[in-house]
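Visitor: structure of the sequence below:
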Amino acid sequence: MILRMASPAPPIRVESWVRDEPLTSFKLGTLYIVEFWATWCGGSGAEIVHLAQLQEKYNHSAVEVIAVAASERCSTAEEARTNLDAWLTEKGSKLKFRIAFDYAGKMKKLWMAPSFSTTIPTSFVIDRDGHVAFIGHPMQLYDVFPKIVNGTWRTSDEAKAAEAERIAEAESEMREKARMQAFWGKLGPALKAQDSSTALSAAKEGCRSDAGRHQRSPRSCGSAPA
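Guide: Numbers count the residues shown, from 1 in each chain. Next comes the predicted model:
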């Protein structure tokens, strides 16, 4: 099932809570920004700081931020948690919101994969009724969030068009990924077998495919596999 605007919010399933009290469910009447990020992604870390400012701006409107570190590139959970703690000590001492750690990838399977989200940072806004109001890059929240707060976003034509475009682009990227996997599946064996004709054919197909790829959102990083 596709996770999209107006879908019920998925559950929170993290390994541990690094900062603040654990959250077991979304409280009706509160707006939540669930941010997927990683310490190794420069743009991701910068947006985390901006989200702190956003929460402060709307501190009288029942807005809460939850930062989920679910894409740490480490060989063990212990190493990933150490990196996260070190980053928070150095750069995140002033962050006043919940921070969760999920090395096992449960959150990505519940949130990122069904929404076709493949890069970080990615923001999910959960509306006051417990349904998804927004999925996308956090930079987009500067324009969208005031409309979510006042309750006009989800029913607007702008929101519906933006969500349709997001899903269409994601589906296109998934098709592109499948084509590239097929390309490498054909090129690799051809090179190994020194089959120049098949290798050249595969290379031409790959060039045509690569020419039509979508560019990532600004300040995005590739997300680690779930």
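
Visitor: quick check: beta-bridge partners of the most centrally placed residue in the chain?
Guide: Central residue of the chain (CA atoms, centre = their mean): Thr122, 2.9 Å from the mean position. Bridge pairing for Thr122 (DSSP bridges) gives the partners Phe36.

Visitor: how close does it sit to Phe183?
Guide: Distance, Thr122 to Phe183, using CB to CB, to the nearest Å: 27 Å. C-beta here means a position set from N, CA and C on the backbone, and glycine is covered the same way.

Visitor: which helix is the longest one in this protein?
Guide: If you go by DSSP state H, the chain has its longest helix at helix 157-192.

Visitor: what sits against the residue nearest to the centre of the chain?
Guide: 35-36, 112, 115, 135-138, 223 (CB atoms under 8 Å, 6 or more residues apart in numbering).

Visitor: repeat that for Asp127.
Guide: For Asp127, the contacting residues are 31, 133, 148, 154, by CB under 8 Å, 6+ apart.

Visitor: so the third one makes contact with Val125?
Guide: It stands for Ile148. Yes - using CB atoms under 8 Å as the test, Ile148 is close enough to Val125 to be in contact (5.7 Å).

Visitor: of these two, who's got more company?
Guide: Val125 (26 against 22; other CB atoms under 10 Å).

Visitor: now do the contacts for Trp111.
Guide: By CB under 8 Å, 6+ apart, Trp111 lies in contact with 3, 10, 34, 36, 117, 124.

Visitor: show me what the helix or strand where the third one lies is packed against.
Guide: Using DSSP states H and E, Val34 sits within strand 31-37. Packed against strand 31-37 by the contact rule (3 or more CB pairs under 8 Å, 6 or more residues apart in numbering; DSSP states H and E) you find helix 42-57, strand 63-69, strand 122-126, helix 141-149.

Visitor: the ones you listed: which one's closest to Arg179?
Guide: Proximity to Arg179 (CB to CB) singles out strand 122-126 among the helices and strands packed on strand 31-37, at 23.4 Å.

Visitor: list the contacts of the helix or strand harbouring Glu79.
Guide: Mapping Glu79 onto the secondary structure by DSSP H and E places it in helix 77-91. Helix 77-91 is touched from outside by 15-16, 18-19, 39, 45, 49, 69, 72, 74, 95, 99, 101, 103-104, with contacts defined as CB under 8 Å, 6+ apart.

Visitor: I'd like to know which of those are buried.
Guide: Using 16 or more other CB atoms under 10 Å as the burial test, these include 15, 18, 39, 45, 69, 72, 74, 95, 99, 101, 103 as buried.
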